[in-house]
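Student: Quick one, what's the 3D model for this:
(chains A, B and C)
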Amino acid sequence: MPELPEVEVVRRGLARWVTGRRVEGVEVLHPRPVRRHLAGSADLVARLLGARVDDAVRRGKYLWLPLDTGEALLAHLGMSGQMLLQPPDADDERHLRVRVRFGDRERELRFVDQRMFGGVSVVGLEPTPDGLPAGTGGEGTPSEPVLPHEVAHIARDPLDPYLDAAALTARIRLRRTGIKRALLDQGLVSGVGNIYADEALWRARLHYARPTETLNRPEVARLLDAVRAVMLEALGQGGTSFDALYIDVNGDSGYFDRSLAVYGRNGQPCPRCGSIVRRDPFMNRSSYTCPGCQPRPRRARW
DNA sequence: CGAAGCCCCTGTTCGC
DNA sequence: TGCGAACAGGGGCTTC
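Tutor: Purely as a prediction, here's the structure:
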């Protein structure tokens, strides 16, 4: 799925366009992507009609549009979700699931999702436990200190200015698991998926199966710096796109895939030491490592 | 509480 | 060419 940088690219595109616009029409074309809206699609439509969008906010891979009704349109892109801003006369996409029309008729918001792991719902907002802004919003302005209940269990992400890095480091070191599993745990730190986990581990020269309790504080700090750095670089290049499944609100691909050191580069040389990158099965997925830079620890855990 | 496995979907690619 | 298996960037839920 799109990970943090890709979702942030989408958030920025939405913030620029939909903020201040009022919903005039909503069409749900498939029930599955609205399954998390338990009251049903008719209720979802009713709550959106006439509402004005006030912002676009993101925490980790979750994205929501606060409305002037006090609720928010919550979205998760899952593995293949897209938020597109299209001219209303553009042909419907093959996997178009939800359409939101605005008063001005210039563009409409389309939720497109092939695999339908993602979805949208209309949710209430509640105060953040710490009273701090919930995540990344606006045009450089902090978001309001409220977030959807559905996002309350999601930790702050590496690009969140209010992330407590010292506390996160301590929590990681208290875990009893492999470091990559910890990185992928959205309740510990959010926004990191398979691609950026592998890239950050490579940059920090750590193997994915390093037991968390064997990492010292500087090692964890180095890893978190690497996560931040790789995400910022990806953001600067519009995110990572392997195919047409991840694109921004205008349908354009990012090009960070050209900068990936190990992810998806099985059999190719490590850009740092030349060793051949390997792919290992990991949690029903894959992990890519450089055997030279990231030797497997004697005591491995995953 | 934390850790780990299962499952939800569709489409493409790969190997036989 | 045909077909089944493997695989694809996630996360909620259940169980232990």
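Student: Quick one: end-to-end distance for stretch A:276-288.
Tutor: 10 Å (CA to CA, to the nearest Å).
Student: Quick one: mean pLDDT for the lengthiest helix in chain A?
Tutor: Counting by DSSP state H, the longest helix found in chain A is helix A:217-236. Mean per-residue pLDDT for helix A:217-236: 96.
Student: Could you tell me which other helices and strands it packs against?
Tutor: The contact analysis (3 or more CB pairs under 8 Å, 6 or more residues apart in numbering; DSSP states H and E) places helix A:217-236 against helix A:4-18, helix A:165-174, helix A:179-184, helix A:194-203. The C-beta positions use only the backbone N, C-alpha and C, and glycine is treated the same way.
Student: does any part of the helix or strand that that helix is followed by sit near DNA strand C?
Tutor: Scanning forward in sequence from helix A:217-236 by DSSP states H and E, the next helix or strand is strand A:278-282. Yes - residues of strand A:278-282 contacting DNA strand C under CB under 7 Å from any atom of the strand: residue A:281.
Student: Quick check: the gap between the residue nearest in space to the middle of chain A and residue A:88.
Tutor: Centroid-nearest residue in chain A, with CA atoms, centre = their mean: residue A:61, separated by 2.6 Å. Noted for residue A:61: a distance of 28 Å to residue A:88, by CB to CB, to the nearest Å.
Student: Could you do residue A:202 as well?
Tutor: From residue A:202 to residue A:88 the distance is 44 Å (CB to CB).
Student: So for the residue nearest to the centre of chain A, what pLDDT did the model give?
Tutor: So, for residue A:61, pLDDT stands at 95.
Student: Identify whichever of the helices and strands packed on helix A:217-236 lies nearest to residue A:34.
Tutor: Residue A:34 lies closest to helix A:4-18 among the helices and strands packed on helix A:217-236, at 18.4 Å (CB to CB).
Student: Give me the next element, helix or strand, following the closest one.
Tutor: Reading on from helix A:4-18 to the C-terminus, the next helix or strand found by DSSP H and E is strand A:23-28.
Student: packing partners for that next one?
Tutor: By 3+ CB pairs under 8 Å, 6+ apart, strand A:23-28 packs against helix A:41-48, strand A:96-102.
Student: Name every strand pairing with it and say which way it goes.
Tutor: strand A:96-102 (antiparallel) (DSSP bridges).
Student: could I get the partner strand in CSV with only the CA atoms?
Tutor: In CSV, the C-alpha atoms belonging to strand A:96-102 read as follows (Å, rounded to 0.1, in the frame of the first residue of the first chain):
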residue,chain,number,x,y,z
LEU,A,96,-14.2,3.6,-8.8
ARG,A,97,-15.9,3.0,-5.4
VAL,A,98,-17.0,6.4,-4.1
ARG,A,99,-17.6,9.7,-5.8
VAL,A,100,-17.9,13.1,-3.9
ARG,A,101,-19.1,16.1,-5.9
PHE,A,102,-18.5,19.7,-4.8
